[in-house]
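In: give me the fold of what follows.
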Amino acid sequence: MICLRRYRECERGTAAIEAVFVVPLLILIGFGAIDGSLLLMQNHKVENGLVSAGNYLSKTQTPTLFEGTAKRLATTGQISSGGEKKIKNWNEGDVNITYIETANTDTETGRSYRGGDTIKVVKLSTDVPFQGLGFFKSITGGSVSIKASYEERLIAVQS
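Out: Model (predicted):
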């Protein structure tokens, strides 16, 4: 009986027992924070790349001739070839470029938009698989991807 009482009242090792429960949780939170920040950083790079390419195309007279350059600008940040990719697995082929034409109708107060009869817009979109540390992949049970799009009115094209 005395041995059992002495064992029950002993407090040696309580910090180790607490650490067994707390440390894995802290490690999990740490890896989640790192993976989340990597996801936000790559999303920011993708969105900035699309904005740069959209602005570039909107100011050219013939945007269809400069699509390859715009895709390179989006993925590398450079117009000339040979630049380092912003994101390792983001290629020029992942950037989709489409053009949207909207009729500029007349209303009682004038036209809907400033410009000619047709408003032309370039739309850039992409879907980049996210690598990261694999934390989000293990939670979702599948792949995680960054989807982004950007639209810019073509201002140099004559209607």
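In: next one: the longest helix seen in the chain to chain centre, how far?
Out: If you go by DSSP state H, the chain has its longest helix at helix 14-58. Distance, stretch centre to chain centre, for helix 14-58: 12 Å (C-alpha atoms, centre = their mean, to the nearest Å).
In: and that helix, what does it pack against?
Out: helix 67-76, strand 95-103, strand 118-130, helix 135-140, strand 144-153 (3 or more C-beta pairs under 8 Å, 6 or more residues apart in numbering; DSSP states H and E). In this view, the C-beta of every residue, glycine as well, is placed from N, C-alpha and C.
In: is it possible to get JSON lines of those that adds distance to Gly82 and mean pLDDT?
Out: Converted to JSON lines, the helices and strands packed on helix 14-58 look like this (distance: least, C-beta to C-beta, whole Å; pLDDT from 0 to 100):
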{"stretch": "helix 67-76", "distance to Gly82": "8", "mean pLDDT": "93"}
{"stretch": "strand 95-103", "distance to Gly82": "18", "mean pLDDT": "90"}
{"stretch": "strand 118-130", "distance to Gly82": "21", "mean pLDDT": "90"}
{"stretch": "helix 135-140", "distance to Gly82": "32", "mean pLDDT": "77"}
{"stretch": "strand 144-153", "distance to Gly82": "24", "mean pLDDT": "92"}
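In: which of those sits most buried?
Out: Comparing the helices and strands packed on helix 14-58 by mean neighbour count (mean count of other C-beta atoms under 10 Å), helix 67-76 ranks first with a mean of 21.
In: that's all I had, so thanks and see you.
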